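1. next input, structure requested:
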Amino acid sequence: MEFSIATLLANFEDEKLVAPKILEKKLGATENGSLRKLQIALGALERIGILVKDRGRYKRVYDKQSFVEGKLRCSSKGFCFAIQDAEDTEDIYIRESNLSTAWNGDRVLVKILKEGSRRRSPEGEVQLILDRAITSVLGRVKRANGDYKAVPLDDRLLFELDIKSQEAQNLEEAVDHLVHVEILRYPLGQHPPIGRVTQVLGSNAEEAADTEIVRCKHNLPKEFPPEVLAAAAQEMSPPGSEGKRLDLRQLLTITIKPGASKDSRPETLDDALSLDRTEAGYWRVGVHIADVAEYVLPDDYIDQEASKRGASVYLGEKVLPMLPEAVAARCSLVPEADRLAVSVFLTLDSDGQLIEFEFQPTIVRVNYQLSYQQVREIINKETKSFPRKVAETLSELLLLTQGLREQRLKRGSFDLNLPDKKIHYDDEGTLGLW
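-> Numbers count the residues shown, from 1 in each chain. Modelled structure (predicted):
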């Protein structure tokens with residue numbers, strides 16, 4: 001299993017001694033290659049003074065006066081600053097000659113060379129690269145001295161990649177074209193990084209598809225690895241926990257999604273709504289979320305891949321799902337199927353005032369899957385294709401929604417009417433896409 005230095009150091013707390021065998025288990029370093037990498041990493045960390053070895057075990061040394069951890073933010077002119085996580089801390093200035101092959105966005109450990117003054121930031125040198133932020137780049141292929149190189153489009157990445165040998169004809173056709181390059185090896189001493197062209201996007205950015213540029217820029221995976229698909233194809237029933245769950249299968253439950261009700265992708269059917277009365281006469285709104293965790297084994301191939309992806313990504317009409325479709329289909333809240341869910345129940349009065357709430361593991365059975373258009377038609381009494389109980393539930397939910405909005409506005413909230421157009425974000429920001 002691959003691991004970063006940051007992941008390795010996260011296993012050291014409060015200067016406690018940790019045995020190598022424990023690190024091997026936590027990092028999944030069971031193969032010869034992984035074990036060798038772990039041994040090299042531990043030896044290097046000991047040599048630079050980050051770890052200390054004592055009777056065969058290691059502990060971390062925290063020297064905040066000499067070493068500072070931060071994230072690199074670089075300029076196209078070559079210099080960088082290490083940005084610390086804690087507030088009210090100074091940024092550390094790093095010259096290009098002191099970057100030690102670190103790139104923009106990398107998390108690094110910096111050794112302080114000069115203390116800061118009133119007008120100058122502290123100056124430092126990258127001592128250790130904790131975690132690489134860039135695993136692929138967008139670049140343009142060029143031919144130099146019979147070899148092929150890729151020049152990154154991002155002017156903050158001041159290097160060229162040697163392209164690993166592929167069919168010469170394919171690389172020749174990619175010259176002066178925009179390509180996506182996977183990084184196979186980072187810089188090593190005086191040796192440049194090595195990459196492999198995974199996709200030729202076009203002769204220029206205007207010709208390439210916008211969604212493909214975004215996908216490649218952020219290295220969003222297009223397909224699932226074979227081992228993940230193989231694991232997803234295996235039939236798996238969730239553990240027998242029905243007896244420990246609140247049974248809501250007799251409660252009218254509806255899922256609402258945009259578009260036609262029969263065209264929604266299985267992985268999008270992950271939530272549903274219900275409405276009933278409590279003994280005290282209050283409304284109880286149930287929001288039910290598919291309990292995906294019960295359908296995925298901890299730390300198996302599917303779990304690891306989902307952790308890497310983090311969420312399903314929507315690029316226009318294209319969807320890059322977090323889970324393989326086979327897994328999504330098994331846990332999605334499709335109509336007329338028993339499903340495990342995690343439910344939150346909101347007890348409200350008729351004015352939308354929250355009385356109480358609770359979370360429960362449940363088992364649900366969705367009765368109807370509706371589109372937004374169908375919901376409008378039912379509420380406006382433009383269709384009689386659904387039972388009266390469905391229309392009453394939707395009408396009550398609408399009234400409760402209006403009451404909740406009024407309560408929110410009373411607390412000082414307000415609505416923003418944003419224009420329906422593409423908004424540009426800086427890619428250094430939290431919401432950055434470009």
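
2. the strands in the stretch 1-150 of the chain, which residues?
-> With DSSP state E, counting those that start in this stretch as the criterion, the stretch 1-150 of the chain has strands at 51-54, 57-60, 67-74, 80-83, 92-94, 107-114, 123-131, 136-144, 147-152.

3. how about the helices in this protein?
-> Shown for the chain, the helices assigned by DSSP state H span residues 5-9, 20-27, 32-47, 168-174, 210-217, 226-233, 301-309, 325-331, 372-379, 388-410.

4. output the fourth one as PDB, restricted to C-alpha atoms.
-> If I follow you right, that is helix 168-174. The C-alpha trace of helix 168-174 is given here as PDB (Å, rounded to 0.1, in the frame of the first residue of the first chain):
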ATOM      1  CA  ALA A 168       7.100   7.000 -31.000                       C
ATOM      2  CA  GLN A 169       4.300   7.500 -33.500                       C
ATOM      3  CA  ASN A 170       1.800   8.300 -30.800                       C
ATOM      4  CA  LEU A 171       4.100  10.800 -29.100                       C
ATOM      5  CA  GLU A 172       5.000  12.400 -32.400                       C
ATOM      6  CA  GLU A 173       1.300  13.000 -33.000                       C
ATOM      7  CA  ALA A 174       1.000  14.600 -29.500                       C
END
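
5. ok, back up a step: most packed of the helices of the chain?
-> When you average the neighbours per residue for each of those (mean count of other CB atoms under 10 Å), helix 325-331 leads with a mean of 20. For the C-beta atoms, the positions are set from N, CA and C on the backbone; glycine is no exception.

6. show me what that one is packed up against.
-> Judged by 3 or more CB pairs under 8 Å, 6 or more residues apart in numbering; DSSP states H and E, the packing partners of helix 325-331 are helix 226-233.

7. what helices or strands is the helix it packs on leaning on?
-> By 3+ CB pairs under 8 Å, 6+ apart, helix 226-233 packs against helix 301-309, helix 325-331.

8. next, the angle from that helix to helix 301-309.
-> Computed by axes from the mean of the first three to the mean of the last three CA atoms, to 10 degrees, the angle separating helix 226-233 from helix 301-309 equals 120 degrees.

9. just the CA trace of helix 226-233, in PDB.
-> Taking C-alpha atoms only, helix 226-233 is exported to PDB below (Å, rounded to 0.1, in the frame of the first residue of the first chain):
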ATOM      1  CA  PRO A 226     -10.200  -3.500 -12.000                       C
ATOM      2  CA  GLU A 227      -9.900  -4.700  -8.400                       C
ATOM      3  CA  VAL A 228     -12.700  -2.300  -7.300                       C
ATOM      4  CA  LEU A 229     -15.000  -3.500 -10.100                       C
ATOM      5  CA  ALA A 230     -14.300  -7.100  -9.200                       C
ATOM      6  CA  ALA A 231     -15.200  -6.400  -5.600                       C
ATOM      7  CA  ALA A 232     -18.300  -4.600  -6.500                       C
ATOM      8  CA  ALA A 233     -19.500  -7.500  -8.700                       C
END
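
10. give me the low-pLDDT residue ranges for the stretch 251-400 of the chain?
-> Where the stretch 251-400 of the chain drops to pLDDT under 70, the residues are 259-268.

11. gap between the residue most central in space within the chain and Leu8?
-> The geometric centre of the chain, computed from its C-alpha atoms, lies nearest to Gly310 (CA atoms, centre = their mean), at 3.0 Å. Distance of Gly310 to Leu8, given as CB to CB, to the nearest Å: 22 Å.
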